[in-house]
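Undergrad: quick one, fold the following:
(4 chains)
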2 protein chains.
Amino acid sequence: MDQIARTTKDFGNVLRQARKAQNLTQAELGSRAGIWQRTISNIETSASGAKVDTIFDLLAALNLELHIVPRSKIKPADLEDIF
Amino acid sequence: MDQIARTTKDFGNVLRQARKAQNLTQAELGSRAGIWQRTISNIETSASGAKVDTIFDLLAALNLELHIVPRSKIKPADLEDIF
DNA sequence: TTGGTTTATGATCTAGGAAGCATACTGACA
DNA sequence: TGTCAGTATGCTTCCTAGATCATAAACCAA
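TA: Got it, this is the predicted structure:
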């Protein structure tokens, strides 16, 4: 379960994971965050490059926050591709 | 030096810090990331809600990545306002 | 305080995100 | 296999970020 994002694709995956971990449907999360189910679907599937405001609304609704940190040499999620 | 962001304002501040820590001007960072100085200024001052793609371009140019984590009860940067 | 560097900001134009509503698809389950 | 919850997606309208060029304002050092 990796919560590191370097691309919008990563980000969509992490958001979906987080949402499911909290047993929320896209619609539920949407009404919490004031965002449409349509939009959440787009973000999770990286069908569009979302706006940062939208992202922060989602993160708040999921009680998450962003930490901006130096890149580690290898992204943990990629380890399994190596070993 | 806090690298936690919950709002676009936080985010702008963190980005500015990170850029300065690497001794880059907005223009330099811009040419690295393929983004206009104008745009970076907007983002750092949160004059506009940027797009996620733009953010990831900037983070890559600064060799940073995002970690999505549960919110801590108190944002470290706010401690100084309390004590 | 002046000259040079860095950052902020005005204006226009285009591409595309989100709202809003509806519907199609998909997987699970009785 | 028919139903239903959940997710994907079509479409139009509105709004705005970013590109692009230009200039003003702020900062800093000599």
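Undergrad: what helices or strands is the helix or strand hosting residue A:43 leaning on?
TA: Assigned by DSSP states H and E, residue A:43 falls within helix A:37-44. Packed against helix A:37-44 by the contact rule (3 or more Cβ pairs under 8 Å, 6 or more residues apart in numbering or on different chains; DSSP states H and E) you find helix A:8-21, helix A:26-33, helix A:52-61. For every residue, glycine as well, the C-beta is placed using N, CA and C.
Undergrad: what residues sit buried inside the last one?
TA: If I follow you right, that is helix A:52-61. Buried residues in helix A:52-61, defined by neighbour count with 16 or more other Cβ atoms under 10 Å in any protein chain shown: A:52, A:54, A:55, A:56, A:57, A:58, A:59, A:60, A:61.
Undergrad: identify the farthest-apart pair in the residues you listed.
TA: The largest distance within those, taken as Cβ to Cβ, falls between A:52 and A:61 and amounts to 15.0 Å.
Undergrad: with adjacent residues omitted, what lies nearest to the residue nearest to the spatial centre of chain A?
TA: Central residue of chain A (Cα atoms, centre = their mean): residue A:15, 2.5 Å from the mean position. Of all residues not flanking residue A:15 in the chain, residue A:44 sits nearest, at 5.8 Å (Cβ to Cβ, 6 or more residues apart in numbering or on different chains).
Undergrad: count of residues packed around that neighbour?
TA: Residue A:44 has 19 neighbours, counted by other Cβ atoms under 10 Å in any protein chain shown.
Undergrad: that one: what's it in contact with?
TA: A:12, A:13, A:15, A:16, A:19, A:26 (Cβ atoms under 8 Å, 6 or more residues apart in numbering or on different chains).
Undergrad: the third one reaches residue A:43, doesn't it?
TA: Put plainly, it is residue A:15. Yes: counting by Cβ atoms under 8 Å, residue A:43 is a contact partner of residue A:15 at 6.4 Å.
Undergrad: now list whatever residues contact both of these two.
TA: In contact with both residue A:15 and residue A:43: residue A:58, using Cβ under 8 Å, 6+ apart.
Undergrad: what parts of chain A come near DNA strand C?
TA: Contact residues, chain A versus DNA strand C (Cβ under 7 Å from any atom of the strand): A:34-39, A:42-43, A:48-51, A:54.
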